[in-house]
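Engineer: Can you look at this prediction? I've put the sequence above it.
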Number of protein chains: 2
Amino acid sequence: VRIDVAFTGGNLLPADLAGRVAVVVDVLRASTTIAKALAAGARTIIPCESAEEAIARAKAFERRDVLLAGERRMVAIPGFDLGNSPAEYQPEVVAGKTVLLTTTNGTKALLNSQGAREVLVGCYANYSAVLAVLRKLARAGSDVLIVCAGRERQFALEDAACAGRFVRGISRRGIRAELGDGARAATLLDRRYGSDIGKLLRDCEHGRALLELGMGADIEACAALNAYPVVPVYRDKQVVRRNSA
Amino acid sequence: VRIDVAFTGGNLLPADLAGRVAVVVDVLRASTTIAKALAAGARTIIPCESAEEAIARAKAFERRDVLLAGERRMVAIPGFDLGNSPAEYQPEVVAGKTVLLTTTNGTKALLNSQGAREVLVGCYANYSAVLAVLRKLARAGSDVLIVCAGRERQFALEDAACAGRFVRGISRRGIRAELGDGARAATLLDRRYGSDIGKLLRDCEHGRALLELGMGADIEACAALNAYPVVPVYRDKQVVRRNSA
């Protein structure tokens, strides 16, 4: 099987995705927030391109059944129920709810990954759960494309390193994988930076910007390996928990 | 000063470029071909988006003054005077000529980099000459964005490693540089892969594709550090030799 990594989610074409399993990685913070929301019992997460789209879509639901959620420039959107901090997504808030989520990078990467055979959402917080599914699919012959959300169309170190951890995890023990240039680079970044995830997330550009905004707790949540062991899958415009591998 | 690396040339916005010096890196092969062409005495190189545009622009010149050049899917364009192999650009062929060049990745990255304060063309073959200019500009306070052409909108290992060599060269000895995530990743790739450039260029995906097409000589030309020590600058839609730093 072939494993590739795209370092920015914005420039995918249908040919990059067709027939492959895609994993959208936005460590800080959308992938982690989605994993946390589903682990806390949210019914589904609907990625929306804009705040306006989220508001418009909310009208199709009973008000008590939906939550408007997301960020712009890392800060919660005025009037919305939730921002993009994993800690906000507690069971008493999200259980049974539909979350309409719009974020700067992660939701765009999800929307751009439509067209893959299957689209998963991965990060450190659900690493082993997602890896188990990827290994099962790779064993069955599926190529894998790991799509880093990146930051404002550019490379983000934390997503690249997490992608490298997935590459190494898939290609280990019994699966012969052919690695694209991006996958080779990502494994090197994981080896260099992946052993201390907390330090990685505090040192990268996005992490430093979050720290400046007083969001250090978000960084700790996003660094917690396997804290929210669910496998989110994006199907029919919604992210739901995937049935176990 | 701040140093950033963009791993694909396709998703730059004006805000990424404004006020910065950009270096377009397409090791295999456009940057190397441009350096070789100017070293061999070509008057100017005009990057063109398409073969049609090159043919249309040629009409503004005497036929004997211009050369149509470029590739699609790595192979010379039928009816054109030259492909994208540095060895074709000999003084007896190109001296005094205007080269209308269209390639898959490099010329697009050049066109996308318009809007920077200055746009240079860099690769291994002109590394030290370009580095000297970059260090001079950085000492004077210029931020630097290294734009990897990449391959078909995706990451290319050889461009990333060469970009990392530029980052390390600029930030060494006496210049305090703040490195973006991409610049940090690129330096790591240079450290891992940059000590044997020939091996890097034979092992990366683009290099393997060229080898399969029998273009091993191009790879050797592109691996020759400082073989064509000129500094190409892209100004007013043309690439010319920059006056010495």
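Structural biologist: Arrived safely, thanks for sending.
Engineer: now for the helix or strand containing A:Leu38, which elements pack on it?
Structural biologist: Taking DSSP states H and E as the criterion, A:Leu38 maps to helix A:30-39. In this structure, helix A:30-39 makes packing contacts with strand A:44-47, strand A:98-102, helix A:106-112, strand A:118-122, helix A:216-223, strand A:232-235, strand A:238-241, judged by 3 or more C-beta pairs under 8 Å, 6 or more residues apart in numbering or on different chains; DSSP states H and E. In short, each C-beta sits where N, CA and C put it, glycine included.
Engineer: Serialize these to a markdown table and add fields for distance to chain B, mean neighbour count and mean pLDDT.
Structural biologist: Output for the helices and strands packed on helix A:30-39, formatted as a markdown table (distance: least, C-beta to the nearest C-beta, whole Å; neighbours: other C-beta atoms under 10 Å in any protein chain shown; pLDDT from 0 to 100):
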| stretch | distance to chain B | mean neighbour count | mean pLDDT |
| --- | --- | --- | --- |
| strand A:44-47 | 20 | 24 | 98 |
| strand A:98-102 | 20 | 25 | 98 |
| helix A:106-112 | 12 | 25 | 94 |
| strand A:118-122 | 18 | 26 | 98 |
| helix A:216-223 | 15 | 21 | 98 |
| strand A:232-235 | 21 | 21 | 97 |
| strand A:238-241 | 25 | 18 | 98 |
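Engineer: Mind putting these into JSON lines with distance to B:Gly180?
Structural biologist: Putting those into JSON lines (distance: least, C-beta to C-beta, whole Å) gives the following:
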{"stretch": "strand A:44-47", "distance to B:Gly180": "27"}
{"stretch": "strand A:98-102", "distance to B:Gly180": "26"}
{"stretch": "helix A:106-112", "distance to B:Gly180": "19"}
{"stretch": "strand A:118-122", "distance to B:Gly180": "24"}
{"stretch": "helix A:216-223", "distance to B:Gly180": "19"}
{"stretch": "strand A:232-235", "distance to B:Gly180": "29"}
{"stretch": "strand A:238-241", "distance to B:Gly180": "30"}
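Engineer: Quick check: which of the ones you listed is nearest to B:Glu49?
Structural biologist: Of all the helices and strands packed on helix A:30-39, it is helix A:106-112 that lies closest to B:Glu49, at 23.9 Å by C-beta to C-beta.
Engineer: Distance from stretch A:122-135 to the middle of the chain?
Structural biologist: Relative to the centre of its chain, stretch A:122-135 is centred 11 Å away, using C-alpha atoms, centre = their mean, to the nearest Å.
Engineer: Please enumerate residues in contact with it?
Structural biologist: A:21, A:23-27, A:31-32, A:35-36, A:86, A:120-121, A:144, A:146, A:162, A:165-166, A:169-170, A:175, A:197, A:221-232, A:242, A:245 (C-beta atoms under 8 Å, 6 or more residues apart in numbering or on different chains).
Engineer: What residues sit buried inside that stretch?
Structural biologist: For stretch A:122-135, the neighbour count (16 or more other C-beta atoms under 10 Å in any protein chain shown) marks A:Gly122, A:Cys123, A:Tyr124, A:Ala125, A:Asn126, A:Tyr127, A:Ala129, A:Val130, A:Leu131, A:Val133, A:Leu134, A:Arg135 as buried.
Engineer: From A:Arg165, how far out is the fourth one?
Structural biologist: Think A:Ala125. Computed as C-beta to C-beta, to the nearest Å, the A:Ala125 to A:Arg165 distance reads 12 Å.
Engineer: The third one now?
Structural biologist: Summarising the geometry, the distance separating A:Tyr124 from A:Arg165, computed by C-beta to C-beta, is 8 Å.
Engineer: other SSEs contacting the longest helix along chain A?
Structural biologist: Scanning chain A for the helix with the most residues, using DSSP state H, yields helix A:157-171. Secondary-structure packing of helix A:157-171 (3+ C-beta pairs under 8 Å, 6+ apart): strand A:2-6, strand A:21-25, helix A:127-139, strand A:144-148, helix A:181-193, helix A:197-203, helix A:205-212, helix B:181-193.
Engineer: Endpoints of stretch A:77-89, how far apart?
Structural biologist: Taking C-alpha to C-alpha, to the nearest Å, the first and last residues of stretch A:77-89 lie 16 Å apart.
Engineer: what's that stretch in contact with?
Structural biologist: For stretch A:77-89, contacts defined as C-beta under 8 Å, 6+ apart pick out A:29-30, A:32-33, A:35-37, A:40, A:42, A:51, A:54, A:67-71, A:74-76, A:93-94, A:99, A:101-103, A:125, A:215, A:217-218, A:221-222, A:228.
Engineer: Rounded mean pLDDT for that stretch, please.
Structural biologist: Across stretch A:77-89, pLDDT averages out at 97.
Engineer: who's in contact with A:Val5?
Structural biologist: The contact partners of A:Val5, taken as C-beta under 8 Å, 6+ apart, are A:145-146, A:148, A:160, A:163-164, A:167, A:180, A:182-183, A:185-186, B:155.
Engineer: who wins for neighbours among the residues you listed?
Structural biologist: Highest neighbour count within the contacts of A:Val5, by other C-beta atoms under 10 Å in any protein chain shown: A:Ala186, with 32 neighbours.
Engineer: how near is that one to chain B?
Structural biologist: 9 Å (C-beta to the nearest C-beta, to the nearest Å).
Engineer: Once you drop chain neighbours, what's closest to that residue?
Structural biologist: Nearest residue to A:Ala186, sequence neighbours excluded (C-beta to C-beta, 6 or more residues apart in numbering or on different chains): A:Gly164, at 3.4 Å.
Engineer: try A:His206
Structural biologist: Closest to A:His206 by C-beta to C-beta, 6+ apart is A:Leu28, at 4.8 Å.
Engineer: my read: that neighbour touches A:Glu220, true?
Structural biologist: No: counting by C-beta atoms under 8 Å, A:Leu28 sits too far from A:Glu220 to count as a contact (11.5 Å).
Engineer: before we move on, the earlier item: give me the angle between the longest helix of chain A and helix A:127-139.
Structural biologist: 50 degrees (axes from the mean of the first three to the mean of the last three C-alpha atoms, to 10 degrees).
Engineer: Specify which member of the contacts of A:Val5 is nearest to A:Pro47.
Structural biologist: Taking C-beta to C-beta as the measure, A:Pro47 lies nearest A:Cys148 of these, at 16.1 Å.
Engineer: List of residues touching the lowest-mean-pLDDT helix or strand in chain A?
Structural biologist: Every helix and strand of chain A was ranked by mean pLDDT, DSSP states H and E. The lowest is helix A:14-17, at a mean of 90. Residues outside helix A:14-17 that contact it (C-beta under 8 Å, 6+ apart) are A:Asp4, A:Ala6, A:Ser113, A:Gln114, A:Gly115, A:Ala116, A:Leu145, B:Gln154.
Engineer: Return the member of the residues you listed nearest to A:Asp203.
Structural biologist: Nearest member of the contacts of helix A:14-17 to A:Asp203, counting by C-beta to C-beta, is A:Ala6, at 22.9 Å.
Engineer: do you know how far the residue with the largest distance to the centre of chain A is from A:Tyr89?
Structural biologist: Here chain A reaches farthest from its C-alpha mean at A:Glu62, the gap being 27.4 Å by C-alpha atoms, centre = their mean. Distance of A:Glu62 to A:Tyr89, given as C-beta to C-beta: 20 Å.
Engineer: Thanks again, I'm all set now.
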